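Visitor: I would like to see how this sequence folds:
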Amino acid sequence: MDRRAPSSVSFETVEVDGTRLEYEWALPVHPIGRTLVLLHEGLGCIAMWRDFPKRVADDTGARVLVYSRQGYGGSAPIPLPRPLTYMHDEGQRVLPALLERLGIEDAVLVGHSDGASIALVYAGSGLSRLRTRGLVLLAPHVFCEEVSVTSIREARAAFVDGSLRAKLARYHGDNTDCAFWGWNDAWLDPAFRQWNLEGFLPNVHIPVLVIQGADDRYGTLAQVDAIERGLAGSFQRVVLEACGHDPAREASEPTRRAIADFVSSVPLLASPLPLVTSAP
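Guide: This is a model prediction of the structure:
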């Protein structure tokens, strides 16, 4: 079975924080010296972004980095169960190490769902220095809602008794069980009801754009409101009608327009580092 059925791209790998991660670049025709870093959702990986990275690169003039976190796609597996702090661990340890390893400066992080939470942890931990200039958060979570738990419980039933496992196996291959149970067991752990990232928000001083689907079954506008209340920096929101939990797929054009407008509003660093397309 071909994990990458929607794409024939051959991904590169890099050693970060003691593990192997797969990554890929989408490069614009006319680069502006900025990098967008895409952080996937709790069941995502590189291939599940489909053509979104290339389209965003063309829209913005930024080169786009996508990677699969450990336990997803073609990256190294991870022991289960995941700790309930797995998003903290990614934002405070793995992501900064990856940006350092690939020499990325003047970045805007574009995170979806779990990836958005990881971006907030990273920015709110004071790790970005001048490396990260803004955040785009697609369907973000900063606390655990009942609607999230209900939908994640339904995903478990679809994985065990329905077709979800076979669909995910196209992208995750041998990591399919690792990817699903690492995410699902964490969110359904009773202790996860206390999970909360609002304490990171006052330390986020860079501009933030939140894009939320009005019909998101995994989170409500209460998440967006909490982020707006807590941030120290500037904030924009875009609420997309007739859109669920995946704005990049379900409302690609308005999502890309909002990202392009936001990226163009964030000033470039005066002297960004030279562009690189692979690990040194």
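
Visitor: Ala258: neighbour count?
Guide: 21 (other C-beta atoms under 10 Å). Any C-beta I mention is one placed from the backbone N, CA and C, and that applies to glycine too.

Visitor: what do you get for Phe235?
Guide: Neighbours of Phe235 (other C-beta under 10 Å): 16.

Visitor: quick check: bridge partners of it?
Guide: Phe235 forms beta bridges with Val208, as assigned by DSSP bridges.

Visitor: ok, it touching His205?
Guide: No. Counting by C-beta atoms under 8 Å, Phe235 does not reach His205; the two are 11.5 Å apart.

Visitor: helices of this protein, residue ranges please.
Guide: 52-60, 86-89, 95-101, 114-124, 146-161, 164-172, 176-188, 221-230, 247-250, 252-265 (DSSP state H).

Visitor: so which of those helices is the most surrounded?
Guide: Most buried of the helices of the chain, by mean neighbour count (mean count of other C-beta atoms under 10 Å): helix 114-124, with a mean of 27.

Visitor: check which helices and strands it sits against.
Guide: Helices and strands touching helix 114-124, by 3 or more C-beta pairs under 8 Å, 6 or more residues apart in numbering; DSSP states H and E, are strand 35-39, helix 86-89, helix 95-101, strand 107-112, strand 132-138.

Visitor: distance of His245 from Gly219?
Guide: 7 Å (C-beta to C-beta, to the nearest Å).

Visitor: oops, could you answer that again for Cys144 instead?
Guide: Cys144 is 10 Å from Gly219, by C-beta to C-beta.

Visitor: ok, now Ala62?
Guide: Going from Ala62 to Gly219 by C-beta to C-beta gives 27 Å.

Visitor: and if you look at Leu135?
Guide: Leu135 is 17 Å from Gly219, where distance means C-beta to C-beta.

Visitor: more crowded one of those two?
Guide: Counted by other C-beta under 10 Å, Leu135 and Gly219 do not tie: Leu135 has more neighbours, with 30 against 23.
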